[in-house]
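1. Only the shape, not the letters, is given here:
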DNA sequence: CAATAATGTGCAATCGTTTGTATATTTTTT
DNA sequence: AAAAAATATACAAACGATTGCACATTATTG
């Protein structure tokens, strides 16, 4: 079963390949009659265009590359899903690679994508990345680069980020309004802007309530379940009665620590997380958290990419709203 | 900044493009000296091979297509991750599409991948798919097809599935050994083999224990959280004292139902799930479940694909072992 | 030293499209 | 009815690599 090409169709119809090509592309330069005939015959013959040939000739492909730290992370897989949702109907296919948070892998991925002559690259930068040469190369090559979540200001092109600030602000505010008085913050790495923003949201909420922030209540790099567990056991006895965690996993660690200490979550100690992992509403008590709307973010990212490919790209930072989800862990009413 | 081609390198070195091509491919027909020189200059000039041109000429690309129902499902994203882990170092890139459980999308995805002349297609069939013409077309086109998890015997090529049977058997067996006497089964669709296998595992475990199976204890299509919740409220009063669910989500629904009914999980009523979702060890009491080892499965799938691409593909079904994880929900010792 | 083999490189066609320009045909305008 | 404009199709050169075959040079052999 040999692959049928436009030349085969041309031969069968007694016209030239160029006419076939134009007919299939609905070019008005070929008569409507011919166009219909060509399409009919093409379908009959089971013609499948060879996108590689087309891309080679056109100088760009219909592939969009995407590099994320890990595919199997709730947030990232949601973004991917959203991107795909928009990109596919627009005629693009997604080439996905993961960096595993390693700069080396990221560089390799970029090269691989560039060799495939992708129409653009979407990425959320690895946490290890401190040199942006590989991405700068993308930009210099005039290949659209759209960043999301973990973005670098050093690189031009569209950026799409969550409204980490507001999410953190709202989560913290609710803890304060529920009556907790010494609300701590378990943050992430200061190197990642997302965490800085969450911290800022926390600080401003506290400031707006008390007029000042107690720096002693802020702990950095407490982002894993284990870290949350250890840290809360360390500080819970020091008069702290609530914590806003920069991630749901550390919040769950806090749950474990508190249970071990015999401290009642919600009644005696408020907790809020960030990310709204699926388990947030399944644990007891249910965990207040901030939903990141990954799919929505992915859709925005995809739209930016399409614009950029079409030459109407903007060098802007888009902030996607987040949703604070109030559950039992942050209300004293339990 | 114009893209540099092998012709540019050839011109600079005063040789022909063919020599460059061979040198870069480490062909012994060009002298070691020349090869090294070419590579050095290529690097200096920032040469990035054009994979589309190469693929066009060679008649096949280094892209592997993958179609899954949903990217953002824990299990699938793990498989993708595993596939990528093996395929990338081997020089292949992954083109991912989701079917959203729709036949139409699946067909579109297949066409899109075929047009991109992928070297092979990996897929887990949509639950809606009852016609396999699109995949048969892939097989007929001699494009390797590797199926996983949701496979069809109608299609030739490697298949990789979980040992659903054993996982279900072990989970059920543990419930019986813990002393529960009327163990029900909340299963999935009979159309999907995976669920049939889980049911079979349940049945055999019960048979081995009691000598016979009470068909009345088996409920089909109870796979969502909502369904589990409703069903357990309906049947818990009928003397049932445990349930093996074909999925963790329905198991969680069972938790909700039981809590509402005031029935103590584990002490009075045993529960086991399937899938080992992240929340399984975070809920109270922790949920016994069967881990599917998605990444491992992905790695196996990728290896099968590489074999198939290299012409040494087997038309076999590989069974990947699962891991029963015993937690509190299925022991009366709580 | 002639004949043969081995080695390294060049030539040119090819993969399947796209597209600028040319040409042939038809239609419209004056 | 001749000139101009519009329409439809053909021609041929790309795009950037790969590869069978030919050729030239050097090394090996009898």
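-> Sure thing, it's come through. Here the structure is a predicted model, which is why all the values come from computation and not from measurement. Numbers count the residues shown, from 1 in each chain, chains lettered A, B, ... in the order given.

2. Between the two ends of stretch A:92-109, how far is it?
-> End-to-end distance for stretch A:92-109, by CA to CA, to the nearest Å: 19 Å.

3. so does it get close to chain B?
-> Yes. Against chain B, stretch A:92-109 shows contacts by CB under 8 Å from any CB of the partner chain at A:93, A:94, A:95, A:96, A:97, A:98, A:108, A:109. Every residue, glycine included, has its C-beta placed from N, CA and C.

4. If we go by neighbour counts, what in that stretch is buried?
-> A:92-100, A:102-103, A:105-109 (16 or more other CB atoms under 10 Å in any protein chain shown).

5. now for the longest helix seen in chain A, which elements pack on it?
-> Secondary structure of chain A per DSSP state H: the longest helix is helix A:193-210. Contacts defined by 3 or more CB pairs under 8 Å, 6 or more residues apart in numbering or on different chains; DSSP states H and E place helix A:193-210 against strand A:159-162, helix A:164-177, strand A:183-186, strand A:218-219.

6. Parallel or antiparallel, which strands does the shortest one pair with?
-> This means strand A:218-219. Strand A:218-219 sits in its sheet next to strand A:183-186 (parallel), going by DSSP bridges.

7. And the contacts of the partner strand?
-> Contacts with strand A:183-186, where a contact means CB atoms under 8 Å, 6 or more residues apart in numbering or on different chains, come from A:172, A:175-176, A:199, A:202-203, A:206, A:217-219, A:222-223, A:227-228, A:231-232, A:235, A:240-246, A:250-251, A:254, A:270.

8. Residue A:226 and residue A:207: what is the separation?
-> Distance of residue A:226 to residue A:207, given as CB to CB, to the nearest Å: 30 Å.

9. chain center to stretch A:98-116, what's the gap?
-> Distance, stretch centre to chain centre, for stretch A:98-116: 17 Å (CA atoms, centre = their mean, to the nearest Å).

10. Name the SS class of the residue nearest the centre of chain A, please.
-> The residue lying closest to the centre of chain A (CA atoms, centre = their mean) is residue A:79, at 4.6 Å. At residue A:79 the chain is in helix, as set by DSSP: H, G, I helix; E, B strand; the rest coil.

11. thinking again about what came up before, farthest pair within the residues of stretch A:92-109 next to chain B?
-> Spatial extent of the residues of stretch A:92-109 next to chain B (CB to CB) is set by the pair A:93 and A:108 at 20.3 Å.

12. domain parsing for chain A?
-> Using automatic domain parsing, the domain parsing of chain A gives A:6-49, A:61-162+A:294-321, A:164-292+A:324-330.

13. Figure out which of those domains is closest to DNA strand C.
-> With CB to the nearest atom of the strand, the closest approach to DNA strand C among the domains of chain A belongs to domain A:6-49: 2.8 Å.

14. Tell me which residue of the stretch 151-300 of chain A lies closest to chain B.
-> With CB to the nearest CB as the measure, residue A:279 is the residue of the stretch 151-300 of chain A nearest to chain B, at 3.8 Å.

15. list the contacts for that residue?
-> Contacts of residue A:279 by CB under 8 Å, 6+ apart are A:248, A:252, A:287, B:278, B:279, B:282, B:283.

16. May I have the phi/psi pair for residue A:120?
-> Residue A:120 has phi and psi values of phi -180, psi 170 when expressed as degrees, to the nearest 10.

17. repeat for residue A:61
-> phi -100, psi 180.

18. Okay, and the closest residue to it other than its chain neighbours sits in which element?
-> Leaving aside its chain neighbours, residue A:61 sits nearest to residue A:55 (3.9 Å; criterion: CB to CB, 6 or more residues apart in numbering or on different chains). Element membership for residue A:55, per DSSP states H and E: helix A:51-58.

19. next one: residue A:318
-> strand A:317-320.

20. Then residue A:84?
-> helix A:74-87.

21. Run through the neighbouring helices and strands of that helix.
-> Applying 3+ CB pairs under 8 Å, 6+ apart, one finds that helix A:74-87 contacts strand A:63-68, strand A:93-98, helix A:294-309, strand B:93-98.

22. Specify the angle between the longest one and strand A:63-68 in degrees.
-> Okay, so that is helix A:294-309. Counting by axes from the mean of the first three to the mean of the last three CA atoms, to 10 degrees, helix A:294-309 points 140 degrees away from the direction of strand A:63-68.

23. Near DNA strand D, which residues of chain A are found?
-> Near DNA strand D, the residues belonging to chain A are A:14-19, A:22, A:28-34, A:53, A:56-57, A:59 when assessed by CB under 7 Å from any atom of the strand.

24. The closest residue to residue A:148 other than its chain neighbours and residue A:97, how far apart?
-> Of all residues not flanking residue A:148 in the chain, residue A:160 sits nearest, at 4.3 Å (CB to CB, 6+ apart). Distance, residue A:160 to residue A:97, using CB to CB: 19 Å.

25. Need the pLDDT of residue A:189.
-> If you check residue A:189, the pLDDT there is 89.

26. now swap in residue A:1 and tell me
-> Per the predicted model, pLDDT is 60 at residue A:1.

27. Buried among the residues of chain A next to DNA strand D? Make that a PyMOL selection.
-> Those of those that count as buried under 16+ other CB under 10 Å are selected in PyMOL with:
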select buried, chain A and resi 15+19+22+30+53+56
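
28. Keep only the residues of chain A next to DNA strand D that also lie close to chain B.
-> By CB under 8 Å from any CB, the members of these lying near chain B are A:53, A:56.
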